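# just need the structure, nothing else, for what follows:
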Amino acid sequence: MKFTSKTPHYEYLKNKWTLRHRAIQNKFWEKHGQSLKHLALGSLGGLMLLSSPSPQQLPSHEFKVSRDDILKGYDQNVLLAQALSDKIPKEVRPLDSQEERDIINILSRNFGFRVKSEIDNIRLNRNYGLIGGEQHLYRYPGDNLYAHADTSSDFAKYGDAGIAPGLGAWGYFAPSKQEFSEIDKMRERYYLAVQTFLAPGFAENFGKFRDFFKFRKMLVVNPSTGQAVVATVGDAGPADWTGKHLGGSPEVMDALGLATGPRKGPVLYFFIDDPEDKIPLGPVKVKEEA
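From the prediction side, this is the model:
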């Protein structure tokens with residue numbers, strides 16, 4: 001545990017308190033999030049009205065407030081959640097074709113890159129389902145849980161998840177520690193376990209599908225909050241009988257606001273069309289208008 005010898009114990013405790021504070025925030029959001037989203041949009045309307053002066057008021061340039069300036073005061077991802085609210089089914093089920101098209105358009109427009117439900121005639125069995133928390137994965141021979149943490153903060157946040165006893169569906173992320181690169185590190189840090197085996201045509205085209213899904217880049221969105229993360233397919237699962245439809249690394253679950261409590265929740269997940277590999281992995285914010 002390389003970092004503990006140089007970092008005071010109080011920092012570890014501070015990180016634990018930070019996690020507790022975040023859990024309280026998440027619970028507050030779950031209880032009051034919808035009201036807050038409506039309040040945010042209502043505030044926008046109110047500020048718009050205030051920006052239209054009457055003849056008795058000072059000149060309009062003193063009070064003029066643009067929509068863009070107002071929106072900068074709000075988390076853009078909260079507004080994304082509002083945009084998705086009437087497109088998401090009330091029950092967690094596969095999307096129909098119209099819902100899928102509408103949501104793809106919203107996500108592509110908001111994040112500034114193309115998301116798709118199908119690439120090279122390959123698609124998943126669904127794009128809306130329940131995600132559950134997964135453990136860390138072995139990245140190279142000789143890897144261990146402590147090596148996954150760069151700092152005491154990392155270990156305080158993600159160490160409790162543990163490390164899976166077996167390898168991911170594609171084995172190690174790198175053949176050795178010496179060959180372990182930054183991209184290997186990020187792929188494991190933000191990995192998904194996806195039900196590749198339920199994809200239409202998987203059994204008939206095993207080799208093609210196996211190669212297609214390996215480290216395939218995906219966008220995952222928590223529609224309740226707008227929190228989102230760019231991740232890669234690093235494992236296959238979970239089993240159909242679990243009732244969950246995909247799994248996320250501890251870091252993925254944290255980025256989605258689902259790292260505490262039951263550590264599961266409904267999410268949208270789509271392929272990212274990124275043939276030149278330009279879109280970085282990790283939490284992603286809605287693109288602000290210029």
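# enumerate the positions of stretch 168-184 that are buried.
For stretch 168-184, burial by neighbour count (16 or more other C-beta atoms under 10 Å) applies to Gly168, Ala169, Trp170, Tyr172, Phe173, Ala174, Phe180, Asp184. Placement of C-beta: from N, CA and C, glycine included.
# equivalent analysis for stretch 136-148, please.
Counting neighbours by 16+ other C-beta under 10 Å, stretch 136-148 gives His136, Leu137, Tyr138, Arg139, Tyr140, Asp143, Leu145, Ala147, His148 as buried.
# follow-up on the earlier one: what two of the buried residues of stretch 168-184 are the furthest from one another?
By the measure C-beta to C-beta, Ala169 and Phe180 form the most distant pair in the buried residues of stretch 168-184, at 18.7 Å.
# what ranges in the protein fall below the confidence cut-off?
Within the chain, the stretches with pLDDT under 70 are 1-74, 289-290.
# how about 50 then?
Applying pLDDT under 50 to the chain picks out residues 1-8, 10, 24, 28, 36, 39-71, 73, 290.
# for the spatially most central residue of it, what are phi and psi?
Central residue of the chain (C-alpha atoms, centre = their mean): Val229, 2.9 Å from the mean position. The phi/psi pair for Val229 (degrees, to the nearest 10) reads phi -150, psi 140.
# which residue packs closest to it, ignoring adjacent ones?
Ala255 (3.9 Å; C-beta to C-beta, 6 or more residues apart in numbering).
# count the residues that sit near the one you found.
Using other C-beta atoms under 10 Å, Ala255 is surrounded by 22 other residues.
# distance of it from Arg93?
Distance of Ala255 to Arg93, given as C-beta to C-beta, to the nearest Å: 24 Å.
# equivalent analysis for Asp254, please.
Counting by C-beta to C-beta, the gap from Asp254 to Arg93 is 26 Å.
# cool, and Lys278?
Lys278 is 33 Å from Arg93, where distance means C-beta to C-beta.
# ok, Pro250 next?
With C-beta to C-beta as the criterion, Pro250 and Arg93 are 27 Å apart.
# which of those two has more neighbours?
For the pair Pro250 and Arg93, the greater number of neighbours falls to Pro250 (22 against 12), based on other C-beta under 10 Å.
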